[in-house]
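Asker: Sequence plus the predicted model coming up.
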Amino acid sequence: MKNIEALDCDVLVCGGGVAGSMAAVAAARAGARVILAERYGFLGGNATAGAVAQFNSWQTASGRPVVAGMAQEVVDRLRVYGGAGEHEVFVMSTGHKMDRVAYAPEVLKLVLDDMVSEAGVQPLFHANLLGVKCAHRRIETIQLLTKSGVLNVHPRALVDTSGDLDAMQHAGARFLALDEGEALQPATMMFRFGPLEHTALDALPKQEIAALARRGYESGHLARAALHFARDPFSADGWFNISRLSIDATDAMALGRAEIEGRRQAWKAAKYLREQVPGCEKGRLQAFATQVGVRETRRVHGDHVLTATDLLRPTQFEDAIAAGAYPIDIHATAGGDIEYRSFAEDHAYQIPFRSLIPIDLDNALVAGRGISTTHEALAAVRVMTISMAVGQAAGLAASLATTQGGDGAVRPVDISQLRIQLAMQGGLLK
Ligand SMILES: Cc1cc2nc3c(=O)[nH]c(=O)nc-3n(C[C@H](O)[C@H](O)[C@H](O)COP(=O)(O)OP(=O)(O)OC[C@H]3O[C@@H](n4cnc5c(N)ncnc54)[C@H](O)[C@@H]3O)c2cc1C
């Protein structure tokens with residue numbers, strides 16, 4: 001295979017999901033030369049390709065904001081395009097109350113394009129990670145498979161935001177194992193269905209929705225006893241989150257099977273909606289997500305492993321770089337149940353910078369759904385609001401590590417400077 005020209009940069013961000021997009025923009029705005037490598041031709045990851053369609057948990061149960069900064073900027077920009085709904089509180093399939101902003105995944109692609117372009121990030125689309133060369137605990141070269149051949153990138157610092165942490169895998173970094181009795185959270189094929197008659201749907205009593213979901217599940221039409229969806233702001237359609245695929249998404253064969261099975265589950269669920277659920281009679285399956293949405297795969301072993309106890313206590317970290325309030329929400333691999341541990345009214349938790357630092361490497365950070373947490377803690381901090389806040393912090397930190405003569409080493413980053421600058425950018429740290 002042809003090797004094309006090598007590129008140098010300060011920060012290479014690998015994976016353009018919401019965490020990677022925020023990391024790249026934050027690093028570039030802070031003055032770093034940034035390349036953002038993404039395997040698809042658009043940004044967003046689960047948020048666009050996976051069509052998750054709602055940003056959850058901006059605030060504590062009592063309404064105190066815990067996520068803002070660039071995540072809020074994303075919503076503001078979506079609103080300019082008309083692509084986001086109002087901030088609202090809704091009832092989850094578990095019966096718990098949650099706040100969210102629903103958005104149109106296609107419009108989010110435009111917003112992320114705008115943000116990276118304006119910040120001066122060099123996007124490298126259709127670029128798949130091929131290999132990583134390391135020496136003396138440092139990432140030296142990232143090899144990307146592109147349409148032009150193999151591109152060697154020499155970054156001073158790497159931010160792995162590939163969700164599955166493919167760069168960390170190639171670099172030989174250690175991962176955290178599941179504990180006895182734990183399993184990876186299932187994947188889901190989101191699908192768009194409509195038009196919906198929202199007045200009829202909204203008028204359904206909660207018990208009736210629960211009974212319809214239970215009947216659909218027990219009769220084999222639904223893979224999960226839920227009728228959960230987010231409204232598409234551009235149409236009368238909804239994005240439904242009611243399929244369930246128990247796979248390890250880093251297993252290529254299993255991932256392929258899940259795409260096929262996910263579309264089958266979605267098709268069957270759409271038929272059930274149309275035939276059985278009031279308000280859905282005129283609906284049709286309009287679109288599948290580009291790929292199955294993946295909740296959990298690899299978690300890096302970092303300098304600090306964030307635990308459920310850290311979230312529940314909550315531990316106050318001197319190096320906190322983001323906050324969150326989303327509860328511990330573990331989807332069972334079979335049976336469709338959800339283990340949900342909600343928090344007290346004003347409860348929020350913090351995420352420390354050390355949970356972004358792979359224990360085995362000096363010039364790398366991780367952001368998004370692969371940070372150093374236990375399986376239980378990830379079930380809380382994986383949501384997109386928090387992923388964006390952590391991505392912003394990772395990008396800013398990578399910039400601090402590489403500009404003004406920095407060699408990319410991330411542990412010497414001045415934490416108080418990082419926290420001050422995050423706060424100046426509207427980031428909330430507790
Ligand atoms: C079905 C489902 C429902 C969810 N519901 C909600 C919800 O209601 N609200 C909420 O806030 N959150 C929700 N979440 C969680 C949230 O969507 C994710 O945790 C979050 O989007 C993770 O973002 P990320 O950027 O870390 O990773 P990802 O979104 O996985 O992004 C990784 C990016 O890296 C790219 N990439 C991967 N490998 C490579 C490679 N080898 N080379 C190049 N590029 C690569 C991918 O294409 C992708 O763009 C849900 C998740 C799922 C799956």
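Answerer: All right, it came through fine. Residues are numbered from 1 along each chain as shown.
Asker: For the stretch 1-150 of the chain, which residues score under the pLDDT cut-off?
Answerer: Counting by pLDDT under 70, the low-confidence segments of the stretch 1-150 of the chain come to 1-4.
Asker: At the contact with the ligand, which residues of it appear?
Answerer: Within reach of the ligand by C-beta under 6 Å from any ligand atom, the stretch 1-150 of the chain has these residues: 15-20, 37-40, 45-47, 50, 52, 54-56, 128-129. (C-beta placed from N, C-alpha, C; glycine too.)
Asker: Pull the contacting residues for the closest residue to F353 other than its chain neighbours.
Answerer: Nearest residue to F353, sequence neighbours excluded (C-beta to C-beta, 6 or more residues apart in numbering): D319, at 4.1 Å. Contact partners of D319, counting by C-beta atoms under 8 Å, 6 or more residues apart in numbering, are 352-354, 415, 419.
Asker: repeat that with 7 Å
Answerer: Contacts were defined as C-beta atoms under 7 Å, 6 or more residues apart in numbering; by that measure D319 touches 352-354, 415.
Asker: tell me which element E275 falls in.
Answerer: According to DSSP states H and E, E275 maps onto helix 252-276.
Asker: Run the angle between the next helix or strand after that helix and helix 252-276 for me.
Answerer: Moving toward the C-terminus from helix 252-276, the next helix or strand (DSSP H and E) is strand 284-288. Here strand 284-288 runs at an angle of 160 degrees relative to helix 252-276 (axes from the mean of the first three to the mean of the last three C-alpha atoms, to 10 degrees).
Asker: which secondary structure elements does the following helix or strand past strand 284-288 contact?
Answerer: Beyond strand 284-288 in the direction of the C-terminus, DSSP H and E gives the next helix or strand as helix 308-312. Contacts defined by 3 or more C-beta pairs under 7 Å, 6 or more residues apart in numbering; DSSP states H and E place helix 308-312 against helix 375-381.
Asker: go with 10 Å
Answerer: Contacts of helix 308-312 with other secondary structure elements, assessed using 3 or more C-beta pairs under 10 Å, 6 or more residues apart in numbering; DSSP states H and E, are made with strand 328-331, strand 338-341, strand 349-352, helix 375-381.
Asker: what about the very next helix or strand once past it and the ligand, touching?
Answerer: Downstream of helix 308-312, the first helix or strand assigned by DSSP H and E is strand 320-324. No: counting by C-beta under 6 Å from any ligand atom, no contacts exist between strand 320-324 and the ligand, the nearest distance being 10.3 Å.
Asker: buried residues in strand 320-324?
Answerer: If you call a residue buried by 16 or more other C-beta atoms under 10 Å, then strand 320-324 has these buried ones: 320-324.
Asker: Dump those to JSON lines, plus distance to E259 and pLDDT.
Answerer: What follows is those, written out as JSON lines (distance: C-beta to C-beta, whole Å; pLDDT from 0 to 100):
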{"residue": "A320", "distance to E259": "38", "pLDDT": "98"}
{"residue": "I321", "distance to E259": "35", "pLDDT": "98"}
{"residue": "A322", "distance to E259": "32", "pLDDT": "98"}
{"residue": "A323", "distance to E259": "35", "pLDDT": "98"}
{"residue": "G324", "distance to E259": "30", "pLDDT": "98"}
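Asker: wait, T403 sits on G31?
Answerer: Yes: applying C-beta atoms under 10 Å as the test, T403 and G31 come out as touching, 5.0 Å apart.
Asker: hang on, the earlier thing: out of the residues of the stretch 1-150 of the chain next to the ligand, which are buried?
Answerer: For these, a neighbour count by 16+ other C-beta under 10 Å gives the buried set as 15-20, 37-40, 45-47, 50, 52, 54-56, 129.
Asker: tell me the helices in the stretch 51-200 of the chain, going along the chain?
Answerer: 69-80, 105-119, 166-171, 198-203 (DSSP state H, counting those that start in this stretch).
Asker: Which one of those lies nearest to V300?
Answerer: helix 166-171 (5.5 Å; C-beta to C-beta).
Asker: hmm, who's touching that closest one?
Answerer: Outside helix 166-171, the residues within contact range by C-beta atoms under 10 Å, 6 or more residues apart in numbering are 12-15, 37, 39, 128-134, 137-140, 142-143, 158-162, 165, 173-175, 250, 297-301, 358, 360-361, 364, 366, 370.
Asker: Can that helix be said to contact the ligand?
Answerer: Yes: under the criterion of C-beta under 6 Å from any ligand atom, helix 166-171 makes contact with the ligand via D166.
Asker: Please save the CA atoms from that helix in CSV.
Answerer: Listed in CSV are the C-alpha atoms of helix 166-171, where the atom choice follows Å, rounded to 0.1, in the frame of the first residue of the first chain:
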residue,chain,number,x,y,z
ASP,A,166,-8.7,1.9,18.9
ALA,A,167,-5.6,4.1,19.3
MET,A,168,-5.0,2.9,22.8
GLN,A,169,-5.4,-0.7,21.7
HIS,A,170,-2.8,-0.2,19.0
ALA,A,171,-0.5,1.6,21.5
